[in-house]
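> 3D, please:
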Amino acid sequence: MSGGLWQMGFGLRNTFSSFTKNARLWLVSGLFAGLGWSVWSVLFPLYLVQLGYREELIGTYNSASAITMALAAVPMGVWLRTKGRKAPLLAANLGGLLFGCVQVASPYELHLIVTSALFGVFQAMFFVVESPFLMDSSTPEERSQLFSLNFVCFFSMFVVGSLAAGYLPSASARLLSVGAESVAAFRCSLVLALMLRLMSSLPLFLMKETRQETTDTQPVLSSSALPSARSVSKLCFARLFFALGSGFVMPFIPVLLRTRLDAGTQVIGAITALTNLGVTLGCLAAPYIEKRLGIMRAISLSILLAAPLVLIVGTSPVLVIVAVAVIFREALPQTTAPLRQKFSMEVVTHRERSIMASLEQLFWQAPWALGAWLGGRLIGVYGYATVFAGAALCYALSGVSYAVLFGRESAKLKEGVELGQPVG
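Numbering: from 1, shown residues only. As a prediction, this is how the structure comes out:
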């Protein structure tokens, strides 16, 4: 087993050295981004709780950015499909940083919701460009490794950052001579997270700009301009259920741990770190899981197995059991996230990639926003168990949809058939 892991790591190191300069800089940026976002994702929901906000506001806050991401995704995909990659990625990073500063400095309800909504526009820009950028920066032979390393770099730093996040409020409290659970201690810790996010922008400045050349004059969303429309529709359908279930669950796990199970900040940070360690190891193994199971069987199984874990998180009163379920619930579907991302780019033609990326965001963010908004309200009325049971049903529907809808494409990939053929 250890020999296999060593061989895996050695092979990925050799692959990393063969990547383009842009790809290597992107992965370095992901290390700093992972650190910054891990601290932020652990502490910001708890910061809102310390300010006196509860599930309803937290759900609205998260849904605001998801809604604007959904609304902006398709226009961004149309606009950016012939543009460069560097400028949108930089704009997205720096725009998100600006709005994060406002949220820490002025955490009033209206400001939180407005900045969250504006942040969603820049996030749409980021995600619409990310997958086409990774495709452009890799050959077919190294593509699985690049997509996997993209997740590995980000989530490996989530392990470190999540552990650190558990101790940062205490360290900040000693520095400021305030209580460890005070608003000031959390605010100081979030400023550090913003500084790390700023550092993730520096490698992007060093990237070489690329611009996509096209002589395409067809309407972007016409049937002739989307020859892969059938595959796109099926992907969006399966993604919709997965996103809705995640919206019911993801914004509320730190709040559930704190308010229902009385977990402290350090415990929540440790759980988040272990979760991201599982995600990192899973993403590292994603290319090998794909070879062993096939891409679609791996994707569908990872989502289906997460469904009963969601039920455990929502119903168990035992912190240890919930913690284990949280870790595996996140790690299982995230293990195949690089495969889902790569597959969505493989089933379309080159010129459809930006549109596919934008539609993926639309059919992720819109149902995710609905789930977060509804979840925040329904939890207050029916409790976590009922809402998380709905999430488990959504996960099951998504896993079955992937398996049923993409059997033909999966078989073709096993035979080495390239799915996204150039339009000629």
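> measure the residue of the chain positioned farthest from its centre to residue 193 for me?
The centre of the chain is farthest from one residue, residue 177, which by Cα atoms, centre = their mean lies 35.9 Å away. Distance, residue 177 to residue 193, using Cβ to Cβ, to the nearest Å: 22 Å. Glycine gets a C-beta too; all of them are placed from N, C-alpha and C.
> Same question for residue 156.
Residue 156 sits 17 Å away from residue 193, going by Cβ to Cβ.
> Repeat that for residue 339.
In terms of Cβ to Cβ, residue 339 sits 29 Å off from residue 193.
> got it, and residue 154?
Residue 154 is 14 Å from residue 193, by Cβ to Cβ.
> circling back: would you list the phi and psi of the residue farthest from the centre of the chain?
Residue 177 has phi and psi values of phi 60, psi 50 when expressed as degrees, to the nearest 10.
> Any stretches of the chain with poor pLDDT?
1-16, 82, 210-228, 408-424 (pLDDT under 70).
> What is the subsequent helix or strand relative to the longest helix seen in the chain?
Looking across the chain with DSSP state H, the single longest helix is helix 143-176. Following helix 143-176 in sequence order, the next helix or strand is helix 183-199 (DSSP states H and E).
> elements contacting that following helix?
Applying 3 or more Cβ pairs under 8 Å, 6 or more residues apart in numbering; DSSP states H and E, one finds that helix 183-199 contacts helix 21-50, helix 86-105, helix 143-176.
> one step back: determine the set of other helices and strands touching the longest helix of the chain.
Helix 143-176 packs on helix 2-18, helix 21-50, helix 109-136, helix 183-199, helix 265-293, helix 337-346, going by 3+ Cβ pairs under 8 Å, 6+ apart.
> wait, doesn't residue 188 sit right on residue 172?
Yes. Between residue 188 and residue 172 a contact is recorded at 3.8 Å, counting by Cβ atoms under 8 Å.
> Could you point out which of the helices and strands packed on helix 143-176 sits nearest residue 60?
helix 109-136 (6.2 Å; Cβ to Cβ).
> buried residues in stretch 254-262?
By neighbour count with 16 or more other Cβ atoms under 10 Å, stretch 254-262 contains the buried residues 254, 255, 256, 257, 258, 260, 261.
> same thing with stretch 363-377?
For stretch 363-377, burial by neighbour count (16+ other Cβ under 10 Å) applies to 363-376.
> which one is residue 299 nearest to, not counting chain neighbours?
Closest residue to residue 299 apart from its sequence neighbours, by Cβ to Cβ, 6 or more residues apart in numbering: residue 336 at 4.7 Å.
> The one you found reaches residue 287, doesn't it?
No. Contact between residue 336 and residue 287 fails when scored by Cβ under 8 Å: they sit 11.0 Å apart.
> quick one, which of these two is more surrounded?
Neighbour count, other Cβ atoms under 10 Å: between residue 336 and residue 287, residue 336 has more, with 27 against 24.
> and that one, what is it in contact with?
By Cβ atoms under 8 Å, 6 or more residues apart in numbering, residue 336 lies in contact with 282, 286, 289, 298, 299, 302, 303.
> ditto for residue 59
Applying Cβ under 8 Å, 6+ apart to residue 59 gives the contacts 251, 252, 372, 373, 374, 375, 376, 377.
> was I right about the last one contacting residue 56?
Yes. The pair residue 377 and residue 56 passes the contact test of Cβ under 8 Å, sitting 6.0 Å apart.
> correct me, but residue 175 touches residue 188?
Yes. Proximity of residue 175 to residue 188 meets the contact threshold set by Cβ under 8 Å, at 7.0 Å.
> Show me where the stretch 201-350 of the chain has its helices.
Per DSSP state H, counting those that start in this stretch, the stretch 201-350 of the chain carries helices over the ranges 202-205, 229-249, 253-259, 265-293, 295-315, 319-335, 337-346.
> re earlier: any chance of CSV for the contacts of residue 59, columns secondary structure?
Below are the contacts of residue 59 laid out as CSV (DSSP: H, G, I helix; E, B strand; the rest coil):
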residue, secondary structure
251, helix
252, helix
372, helix
373, helix
374, helix
375, helix
376, helix
377, helix
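> just those now: which is nearest residue 73?
residue 372 (16.7 Å).
> Against residue 36, how distant is that closest one?
Distance from residue 372 to residue 36, by Cβ to Cβ: 22 Å.
> now do residue 359
Counting by Cβ to Cβ - residue 359 and residue 36 are separated by 28 Å.
> Give the burial count for residue 282, as a bare number.
The number of residues packed around residue 282, counting by other Cβ under 10 Å, is 24.
> check contacts around it.
289, 331, 332, 334, 335, 336.
> if we can go back for a sec, can you tell me which of the buried residues of stretch 254-262 is closest to residue 89?
residue 254 (28.1 Å).
> and the nearest residue to that closest one once chain neighbours are set aside, how many neighbours?
Computed as Cβ to Cβ, 6+ apart, the closest residue to residue 254 that is not its neighbour in sequence is residue 45, at 4.5 Å. Neighbour count for residue 45, taken as other Cβ under 10 Å: 23.
> in terms of contact, does residue 45 touch residue 57 like I think?
No. With contact defined as Cβ under 8 Å, residue 45 does not reach residue 57; the gap is 10.6 Å.
> Now render the contacts of residue 282 as CSV, adding distance to residue 121.
Converted to CSV, those look like this (distance: Cβ to Cβ, whole Å):
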residue, distance to residue 121
289, 35
331, 30
332, 31
334, 25
335, 30
336, 28
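> Neighbour-wise, give me the winner out of those residues.
Top of those by neighbour count (other Cβ under 10 Å): residue 336, with 27 neighbours.
> now the helix or strand residue 74 falls within: how far from the chain's centre is it?
Secondary structure assignment for residue 74, by DSSP H and E: helix 55-80. Its chain's C-alpha centre lies 14 Å from the corresponding centre of helix 55-80 when counted by Cα atoms, centre = their mean, to the nearest Å.
> Please point out which parts of it sit buried.
Buried residues in helix 55-80 (16+ other Cβ under 10 Å): 55, 57-74, 76-80.
> and if you look at stretch 391-405?
391-399, 401-403, 405.
> Can you pick out the ones from those that are in strands?
Among the buried residues of stretch 391-405, no member falls in strands (DSSP state E).
> All good on my end, thank you.
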